[in-house]
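> Structure of the sequence below:
(one chain, ligands or ions: 1)
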Amino acid sequence: MDSGVTPDANPPQHPPPSSAPDQAGASLEPCPPGRRAQAPSRDYPATEAQAPGESDRPSDVTRSPSDSGGPRKSAWDVVVVGGGIGGLAVAGLLAQAGRAVLLLEASTQLGGACLGMTWDGHRYDLGVGLLTGAGPGGAVGALCERLQISLPTMACDPALQVALARHRVDLSRSAEGWWPEIHREFPDDEAGWHELVPDLASLAADRDELARRLPPLPPDGWLDRFRCWRSLTLQRVTGVARPATRKLRSAAATPFHQALLEYGLGAASRQALEACLWYLLLRGADECSTLEAALALQRLREGLAVIPNGPMALADLLAQRTREHGGEIRLRTGAARCVAERGRIVGVTTTAGETIRARWVVTDVPPGVLMGELWPTARGVFRRRRPAQGPWEPRCIAQVLGMAIPEAYLPAELGYHCLVVGDAGRPARDENLVFVRRMTDGLAEGASGGLARLCVGRFVPPSASADGGAVARALLEALDRVIPGVESIAVHQRFAPASALAELWGLPMAAVRYTVDSRVWLGRRGLPHRVGWPGLLAVGEWTYPGRLISDVAEGAMRVADLIAAET
Ligand SMILES: Cc1cc2nc3c(=O)[nH]c(=O)nc-3n(C[C@H](O)[C@H](O)[C@H](O)COP(=O)(O)OP(=O)(O)OC[C@H]3O[C@@H](n4cnc5c(N)ncnc54)[C@H](O)[C@@H]3O)c2cc1C
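Numbering: from 1, shown residues only. Predicted coordinates:
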């Protein structure tokens, strides 16, 4: 991956600056992602379906990207539902592997949570802001390498900053950089940190090694169960020593909060780590296993970066690869439900009523988003299967403020991502945690016109106040801790209500957090995930209790490999 200047493949188009009055509560406009927004709408007539597995295998069909207006295929190797990063990554990889791939996206734009908004001519990335796993060894880096994508990124070091009531800590990418900070801010806890950090790193490395050998989870049938058992018990097979496997199981069963106490960390140290965890996973230290925490913190070491042209650049490049390799992408085409035949998913029906058949369906969207309709319609054996109990219940929404201040007021030591913990007496989560992101419009010098742009936000329970004025005041108050006097120097400020964010990302809530027992299946993040029926695999952030693009990328690579090996 490049860390330097690469021309933007699809630069965001900004409307001319407006002289709209500055006020909290005004709505923001969805950022038009360039050419896609102008793409003419297409009609997709219903297709005569043909069962997969019959003589006419989908891969035998002549490839013809829909964009080129070629003949419609009757059946596909793979239909991907949802054009977020997860769906796009699977589509790109499988198209590259020579499979006939069709991606269905319900909205007019690809990218899902990567979509941003424009305001007064500037882009604000209100969803995805930081990119973990962007360096060598990271999942996003690996995905880009496999698809030969040159993604323009800017490395963030420090990776994260945490501002507590009486402490400021810079957490750099390399753990070596942490020690002077720990020594300065938490001298009494130093020994505990020195034990904890390497232990977490070795846990994460062992888990990744083990995960490479696990079949999709949960295991489906006796062969998968046997493979799981073998991976978890036999040292020679996994390459992970048996005591290490035992440690992994125990870390998966121990809440991180308990581990922090066992390592003797004091309240302030615990708050700093809790803040990172909440920001990375939207989960508290009591809800998150020690193994999950280890994986989340490992993501920081795998290289944290921002994409100067915004996260849509990644989505655009993935879409470009998919099309280049003959994959087809249909916008404004929502999937309504899966079609099942003889105990296997054999395709999807779109909201327009078209039935599209495929050997595999990969869903990038939680069944909850589809109003529970992404279920097989067949009777008999399917009916008797237990419906999958979902981890897709929305439990958090985002409250986000986009603002601009003169560059001169921005403290030089403020990195790209700073977490401000409001009350030292409460856990670093929900309204008690505010994130501050510096924004970039592009790499050109002076692109910001002397204004520094910030995205300030927090994740709150759906029951929290939705009053824009009150939210903006609370966010500004927290921001004041890292940029004193910010309220009086703000040039622009606009609160983006959850409804606008939800509309933008196509999610029922602006941000969702998933209720799932994180201790099962060794953290499960980034592992291929079966929804419960043969022929249907899941990808994307809803499949596990993590939410980062690097996890989504890791899962997408595994799902694509699995399908490529079996088709
Ligand atoms: C507020 C917020 C902030 C975040 N910040 C970060 C961050 O800083 N760093 C990071 O790494 N990750 C972040 N994430 C997580 C990141 O957004 C996700 O990991 C990733 O973008 C999810 O991609 P996805 O493909 O799983 O899903 P999505 O991006 O949600 O894509 C799903 C797609 O499916 C489409 N769709 C929905 N229903 C249908 C249907 N019926 N038929 C067809 N298509 C359908 C949607 O329109 C959408 O395009 C953030 C998420 C949120 C919500």
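> Show me the strands in the stretch 351-500 of the chain, by range?
Secondary structure of the stretch 351-500 of the chain (DSSP state E, counting those that start in this stretch): strands located at 355-363, 397-406, 417-421, 433-438, 451-460, 492-496.
> Tell me which strands the fifth one pairs with, and in which orientation.
If I follow you right, that is strand 451-460. strand 397-406 (antiparallel), strand 433-438 (antiparallel) (DSSP bridges).
> For it, which outside residues touch it?
For strand 451-460, the surrounding residues in contact (CB atoms under 8 Å, 6 or more residues apart in numbering) are 122, 124-126, 129, 278, 282, 396-407, 409-410, 430-431, 433-439, 441, 475-476, 478-479, 491, 511, 513. Where C-beta positions appear, they are placed from N, C-alpha and C, glycine not excepted.
> again, but for stretch 154-172
Against stretch 154-172 from outside (CB under 8 Å, 6+ apart): 3, 130, 134-135, 173, 177-178, 181-182, 185-186, 268, 271-272, 275-276, 279, 300, 303-308, 414-421, 423-424, 440, 481-482.
> That one near the ligand at all?
No: Stretch 154-172 stays clear of the ligand (CB under 6 Å from any ligand atom), getting no nearer than 11.0 Å.
> burial of the residue lying closest to residue 458 once chain neighbours are set aside, as a residue count?
Distance criterion CB to CB, 6 or more residues apart in numbering; nearest residue to residue 458, sequence neighbours excluded, is residue 434 at 4.9 Å. Residue 434 has 26 neighbours, counted by other CB atoms under 10 Å.
> Worst mean pLDDT among the strands paired with strand 451-460?
Lowest mean pLDDT within these: strand 397-406, at a mean of 90.
> so how far is it off the chain centroid?
20 Å (CA atoms, centre = their mean, to the nearest Å).
> same deal with stretch 88-97?
Its chain's C-alpha centre and that of stretch 88-97 lie 18 Å apart, by CA atoms, centre = their mean.
> Just the mean pLDDT for that stretch, thanks.
Stretch 88-97 comes out with an average pLDDT of 97.
> just stretch 252-263 next, same as before
Across stretch 252-263, pLDDT averages out at 93.
> out of the contacts of strand 451-460, which are buried?
Among the contacts of strand 451-460, those scoring as buried are 122, 124-126, 129, 278, 282, 396-405, 410, 430-431, 433-439, 441, 475-476, 478-479, 511, 513 (criterion: 16 or more other CB atoms under 10 Å).
> Shouldn't residue 191 be within a helix?
Yes: under DSSP: H, G, I helix; E, B strand; the rest coil, residue 191 falls within a helix.
> Please list all residues in contact with it.
residue 264.
> do the same with residue 315
33, 83, 84, 85, 88, 110, 111, 112, 114.
> Can you tell me which of these lies closest to residue 567?
Nearest to residue 567 out of the contacts of residue 315 is residue 88 (CB to CB; 19.0 Å).
> Help me confirm that the closest one comes into contact with residue 323.
No: between residue 88 and residue 323 no contact is recorded; they are 10.7 Å apart, counting by CB atoms under 8 Å.
> show me what contacts residue 111?
33, 83, 84, 85, 311, 312, 315, 316.
> which regions of the protein lie under the pLDDT threshold?
1-74, 216-220, 232-241, 367-394, 441-448, 506-532, 544-546 (pLDDT under 70).
> List the single closest residue to the residue of the stretch 101-250 of the chain found nearest the ligand in space, sequence neighbours excluded.
Per CB to the nearest ligand atom, residue 112 is where the stretch 101-250 of the chain lies closest to the ligand, at 2.1 Å. Spatial nearest neighbour of residue 112, excluding adjacent residues (CB to CB, 6+ apart): residue 84 at 2.9 Å.
> Does that neighbour touch residue 540 like I think?
Yes: the criterion here is CB under 8 Å, and residue 84 meets it with residue 540 at 5.9 Å.
> Touching both of these two, which residues are there?
Shared contacts of residue 84 and residue 540, counting by CB under 8 Å, 6+ apart, come down to 364, 365, 552.
> So residue 88 and residue 323 - more neighbours on which side?
Neighbours were counted for residue 88 and for residue 323 using other CB under 10 Å; residue 88 has more, 34 against 19.
> What helix or strand is the more buried one located in?
helix 85-96 (DSSP states H and E).
> Enumerate the positions of that helix that are buried.
So for helix 85-96, counting by 16+ other CB under 10 Å, buried means 85, 86, 87, 88, 89, 90, 91, 92, 93, 94, 95, 96.
> go on, stretch 458-473?
458, 459, 460, 464, 468, 471, 472.
> Tell me the one of the residues you listed nearest the ligand?
The closest of the buried residues of stretch 458-473 to the ligand turns out to be residue 459 (CB to the nearest ligand atom; 7.3 Å).
> Please name the nearest non-neighbouring residue to the closest one.
Nearest residue to residue 459, sequence neighbours excluded (CB to CB, 6+ apart): residue 396, at 4.5 Å.
> how many neighbours does the residue of the stretch 401-550 of the chain at minimum distance from the ligand have?
Ranked by CB to the nearest ligand atom, the top residue of the stretch 401-550 of the chain for proximity to the ligand is residue 540, at 2.6 Å. For residue 540, the count of nearby residues is 28 (other CB under 10 Å).
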